[in-house]
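# Only the shape, not the letters, is given here:
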C-alpha cells in the first residue's frame, strides 16, 4: 500500500507540473504583466463594492435563513438528483489511464482505487471548506446557517460518491429506478420525523451510510473500465482556459440524457433508405448537430428576450414578441441554407419540397418551445381572456406563415442565382410585426392574422397548381 501511494503521488506531481506549464503558457498568451496589475486592482475594488452591496441586503438574508429551513428535504432531494444526473456522464472518482496502467504493474487494483477514492473525498472536503470561508468573509449570512447547510451538503455529497460510481456502471433505467427508490426512503424518513428536521437529517445520513456499506462489498465487481478511463481522462485534461487560448478543445462523446433513456426498438431496425423524407430528416439532424452549441445559444437568447422584456412594460413586451418571430425565422432560414453546404447533399436528388418538410420536422419542436414560452408570458400578464387567446392565435399564425415564407425565399435563392425577394414579401413581414405590437393596445389588430392565413393558403394553392 505504501509503494502504491508513493507511485500515485509521483503521477499526481508530474500531472500538476504539466498542467502548471500549460496554464502558464495560456496566461502568457492572454495576460501580460501590465494587464495583470490593473486586473488585480479592479478585482480588489470589485470585491469591496460587492461586499458593501451585500451588507445592505442583510435583512433579506436573515429572512431567507428563516424561510429556507422548511425546505431542507428538497435540498437533500436535489443532491440525490444531482448525483443521479452526474452518473450518466461521470463515475465520480477520477480513475485515469495512468492509474489503470499501475494495475498492469505489481500493484493491487483495490489499493489504487482506494487511494483515488480517498483523494476524491479530500478534494470535496477542501472545496466545501473554501466555499464556507468565502461566504463567511464576503456575505452577511450567519455562520451557524452556513455551517448547517454547507456541512450538510458536504456530508451528503461525500456519501454519494460511492453510489455515483456504482450507478455509472448500470444501464440508464436502473439509475432512474435507483433514484426513485432512494427518494421513497427519503420521503419515508421525512414523514416519520416531520416536525424535527434534525432527526430527518440524521436519518438520511444513516440511510446513506447503510447504502455505502452495502455497495462497498461490490464496488469493483462489475466495472466498465474503458468507459471510466475515457471519462476520467477527459475530465482531467479538459482545461477550459487552456482550450480557449489554444483554440483546441476536447470533444466529449457523451450521449444526451434522454437519448440514453429512450433507445427505442425502431432505432435498432435497418435504416429505411427507400423513404426519401426519412433520409433527409437524418441529414438535417446531422447538420443541426454540428452547429448545436450556436443554435442553442441563439434560441436561449430569444427566450431570454421574451422573458426579460415582458416584465418591463407593455411596449417592450410587444417588441419582445416581434424579436422572437423575426429572430427565430432568420435563424431557421440561415441553418436551412447552411445544410446545403454538406457534400453528401450534392450527391442526392434535390426535391426541395421533401427537403423543406424534413427540415421543418426538426424545427417544429423548437418552434413549439418558443411558442409555449410566448403563450405562457401572454397568459401570465393578461390572464385567460378572449383577447389574450386571440392575440396568441395571431402570434402562432404569424410565426408559422412567416417561417414558411422565409424558407420559400431561401429555396428560390438556391434555385435562381439572380433571384430578388419581391417587395410584397418584405411588406407582409413589416405589417405583421406592426400588427403584433398594435394588438397589445388595439385588440382588433389581431384580426390581421386571418388575412395573413388567407394569403398563405393562396400562395400554397398557387404553388400546387
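Arrived safely. Given the structure is predicted, the values throughout are model-derived calculations rather than measurements.

# and stretch 304-320, average pLDDT?
For stretch 304-320, the per-residue pLDDT values average out at 85.

# just for the stretch 351-465 of the chain, where's the confidence low?
351, 415-419, 421, 460-465 (pLDDT under 70).

# quick one, helices of it?
352-382, 386-415, 423-438, 448-464 (DSSP state H, counting those that start in this stretch).

# wait, doesn't residue 392 sit right on residue 373?
No: the criterion here is C-beta atoms under 8 Å, and residue 392 misses it with residue 373 at 11.9 Å. Yep, even glycine has a C-beta here, placed from its N, CA and C like the rest.

# hang on, the earlier thing: just the helices of the stretch 351-465 of the chain: most buried one?
Among the helices of the stretch 351-465 of the chain, helix 386-415 has the highest mean neighbour count (mean count of other C-beta atoms under 10 Å), at a mean of 18.

# Centre of the chain to that one, how far?
28 Å (C-alpha atoms, centre = their mean, to the nearest Å).

# Tell me which other helices or strands it touches.
Using 3 or more C-beta pairs under 8 Å, 6 or more residues apart in numbering; DSSP states H and E, the elements in contact with helix 386-415 are helix 314-338, helix 352-382, helix 423-438, helix 448-464.

# Output the ones you listed in CSV; the columns should cover distance to residue 229.
CSV is the format used below for the helices and strands packed on helix 386-415 (distance: least, C-beta to C-beta, whole Å):
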stretch, distance to residue 229
helix 314-338, 36
helix 352-382, 35
helix 423-438, 54
helix 448-464, 55
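
# so which of the ones you listed gets nearest residue 181?
helix 352-382 (32.0 Å; C-beta to C-beta).

# Next, the angle from that closest one to helix 314-338.
Orientation check (axes from the mean of the first three to the mean of the last three C-alpha atoms, to 10 degrees): helix 352-382 against helix 314-338 gives 160 degrees.

# same for helix 352-382, what does it pack against?
Helix 352-382 packs on helix 276-290, helix 292-310, helix 314-338, helix 386-415, going by 3+ C-beta pairs under 8 Å, 6+ apart.

# Let me have those in TSV, extended by distance to residue 365.
Shown next, in TSV, are the helices and strands packed on helix 352-382 (distance: least, C-beta to C-beta, whole Å):
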stretch	distance to residue 365
helix 276-290	11
helix 292-310	11
helix 314-338	12
helix 386-415	13
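
# hmm, back to that, output the helices of the stretch 351-465 of the chain in CSV; the columns should cover distance to residue 287.
Shown next, in CSV, are these (distance: least, C-beta to C-beta, whole Å):
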stretch, distance to residue 287
helix 352-382, 9
helix 386-415, 14
helix 423-438, 25
helix 448-464, 25
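
# Can you tell me which of these is nearest to residue 113?
With C-beta to C-beta as the criterion, residue 113 lies closest to helix 352-382 of those, at 42.6 Å.

# pLDDT below threshold where in the stretch 51-200 of the chain?
Ranges of the stretch 51-200 of the chain meeting pLDDT under 70: 105-107, 179, 183, 186-187, 189-197.

# now with 90?
Within the stretch 51-200 of the chain, the stretches with pLDDT under 90 are 51-117, 119, 133-150, 152, 160, 162-200.

# ok, now which ones touch residue 244?
residue 26 (C-beta atoms under 8 Å, 6 or more residues apart in numbering).

# do you know how far it is from residue 38?
As judged by C-beta to C-beta, to the nearest Å, residue 244 and residue 38 stand 21 Å apart.

# which one is residue 308 nearest to, not counting chain neighbours?
In space, and not counting its chain neighbours, residue 308 is closest to residue 320: 7.8 Å by C-beta to C-beta, 6 or more residues apart in numbering.

# For the closest residue to residue 323 other than its chain neighbours, list the residues it contacts.
Spatial nearest neighbour of residue 323, excluding adjacent residues (C-beta to C-beta, 6+ apart): residue 305 at 5.2 Å. Going by C-beta under 8 Å, 6+ apart, residue 305 touches 320, 323, 324, 327.

# Can you give me the buried ones in whichever strand or helix holds residue 144?
For residue 144, the element it lies in under DSSP states H and E is helix 143-159. Using 16 or more other C-beta atoms under 10 Å as the test for burial, helix 143-159 gives 145-146, 148-150, 152-159.

# Distance-wise, check the most centrally placed residue in the chain relative to residue 407.
Nearest residue to the geometric centre of the chain (C-alpha atoms, centre = their mean): residue 296, 9.2 Å. As defined by C-beta to C-beta, residue 296 lies at a distance of 21 Å from residue 407.

# before we move on, back to that, for the buried residues of helix 143-159, name the two members farthest from one another.
145 and 159 (21.7 Å).

# List of residues touching stretch 56-71?
In contact with stretch 56-71 (C-beta under 8 Å, 6+ apart) are residues 54, 75, 139, 140, 141, 142, 145, 149, 197.

# for residue 125, what are its contacts?
Residue 125 touches 154, 158, counting by C-beta under 8 Å, 6+ apart.

# Name the helix or strand for it, please.
helix 109-138.

# show me where the stretch 151-300 of the chain has helices.
According to DSSP H, counting those that start in this stretch, the helices that the stretch 151-300 of the chain contains are 161-168, 172-192, 197-216, 225-237, 240-246, 257-261, 265-268, 276-290, 292-310.

# Tell me which of the helices of the stretch 351-465 of the chain sits nearest to residue 337.
helix 386-415 (5.5 Å).

# Now do that closest one against helix 423-438, angle only.
Using the same axes, to 10 degrees: helix 386-415 against helix 423-438 is 160 degrees.

# I figured residue 285 was touching residue 361, is that so?
No: at 9.5 Å, residue 285 and residue 361 do not qualify as touching, with contact defined as C-beta under 8 Å.

# quick revisit: contacting residues around the helix holding residue 144?
Outside helix 143-159, the residues touching it (C-beta under 8 Å, 6+ apart) are 65, 68, 72, 75-76, 79, 83, 121, 124-125, 128, 131-132, 135-136, 201, 204-205, 208-209, 211-212.

# Mind listing what's buried along stretch 167-175?
Those buried within stretch 167-175 under the rule 16+ other C-beta under 10 Å are 167, 168, 169, 172, 175.
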